[in-house]
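1. okay, predicted coordinates and the sequence, questions at the end:
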Amino acid sequence: MKKVYQTIITMLLISFLAACVHYSRDSGVENLWRQPQAFTSGITTSKQVLAALGPPSQVLTVGHQTVYYYLKEQVTREGLLLLIYNETTEVSVFDRAIFFFNEQGLLADFSYSKMATPVE
Amino acid sequence: MVKRQYGYVEAIESFLPRDYHEVLQQIGAPDSVAVLNDAFIFAYHSVSIDEPQLGLAIPAFDLFKFTLGSATATHNYHFYAFTLHGDIINLQKTHWQNSLGESSSFGLIFVVEETVDLESFEVPRATNLWGQSLLLETNLIEFSFEDIILAKRLDLIGQDY
């Protein structure tokens, strides 16, 4: 009987032998737009946006407007490795901000990406 | 089980925006922007991939396993086209699933091996190549980066730009 218990306990211990995996990496610009900023359409200038957020990831021309587009990519991978079951989840978050400026360099409109989870 | 999530598109009620301001307000900054001769486009795209696997122990090789797997991608895609003045021209949102294939792998028992090739989902976004592409010597490069520099195409997740 003792041997049976020992075997069951050993099997349970082996089944729950676990390892965890976690890594993350970032690319793109720093998402300073998630910090408190005071941007106002019609008042804020492109120079003020550059001073606050730094160089954009991409600059586009749309008609007579100039667009500053910021992108930060965050990849996080988490895994649980058991002897009888493994699971890994990788989430790539594309945190974005876009700013439209008119010909005078004044902010026409701006927006940030909607996030599923809070981003650091 | 291997799960992957690329991007996020918020579930929203159907709405009919008049211009890009309303789209920015409702959905936020787009995932990709393309600028054409007489229009510009906002694309919002997210992909989630589920890859269930079955690992089989190999007798006499305790540290190794043979893994069978298949992957399915679920896409969520919103498309908005505007005139250069910002008025809406066209819009569409759609949701679909597609199989990414079935395959197998051979590896260590403590390592989660991917059985399906997902390399196309791991390439850098075109936006993050924009600055780099400006620095390349145009006479030496094999491919023109004009499409990236001028944002002539949409950069969709999992599709080569």
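-> Thanks, I have the structure now.
2. I'd like the next helix or strand past the strand or helix carrying B:Val47.
-> Assigning secondary structure by DSSP states H and E places B:Val47 in strand B:39-51. Counting by DSSP H and E, the next helix or strand C-terminal to strand B:39-51 is strand B:53-58.
3. can you name every helix or strand that that next one contacts?
-> strand B:61-83 (3 or more CB pairs under 8 Å, 6 or more residues apart in numbering or on different chains; DSSP states H and E). Heads up, the C-betas are built off the backbone N, CA and C, glycines and all.
4. strand partners of the helix or strand just after the strand it packs on, parallel vs antiparallel please.
-> Tracing the chain past strand B:61-83, the next element assigned as helix or strand by DSSP H and E is strand B:88-108. According to DSSP bridges, strand B:88-108 forms sheet pairs with strand B:61-83 (antiparallel).
5. who does the strand holding B:Val47 pair up with?
-> When DSSP bridges is applied, strand B:39-51 pairs with strand B:2-6 (antiparallel), strand B:32-35 (antiparallel), strand B:61-83 (antiparallel).
6. list of residues touching the shortest one?
-> It stands for strand B:32-35. A:58, A:60-62, A:67, A:69, A:98, B:40-43, B:45, B:126-127, B:150-156 (CB atoms under 8 Å, 6 or more residues apart in numbering or on different chains).
7. which of those fall in helices?
-> B:Ala126, B:Thr127 (DSSP state H).
8. so who does the residue in chain B that chain A sits nearest to touch?
-> Residue nearest to chain A within chain B (CB to the nearest CB): B:Leu84, separated by 3.3 Å. Taking CB under 8 Å, 6+ apart, we find B:Leu84 in contact with A:Val62, A:Gly63, A:His64, B:Asp38, B:Ala39, B:Phe40.
9. so what's the predicted local confidence for it?
-> The model reports B:Leu84 with a pLDDT of 93.
10. and whatever residue of chain A ends up closest to chain B, how far is that from B:Asp87?
-> Nearest to chain B, among the residues of chain A, is A:Gly63, at 3.3 Å (CB to the nearest CB). Remark: distance between A:Gly63 and B:Asp87 (CB to CB, to the nearest Å) = 11 Å.
11. of those two, who's got more company?
-> Remark: of A:Gly63 and B:Asp87, A:Gly63 carries more neighbours, 15 against 11, as counted by other CB atoms under 10 Å in any protein chain shown.
12. excluding chain neighbours, what is closest to the more buried one?
-> Leaving out its chain neighbours, the residue that sits closest to A:Gly63 by CB to CB, 6 or more residues apart in numbering or on different chains is B:Leu84, at 3.3 Å.
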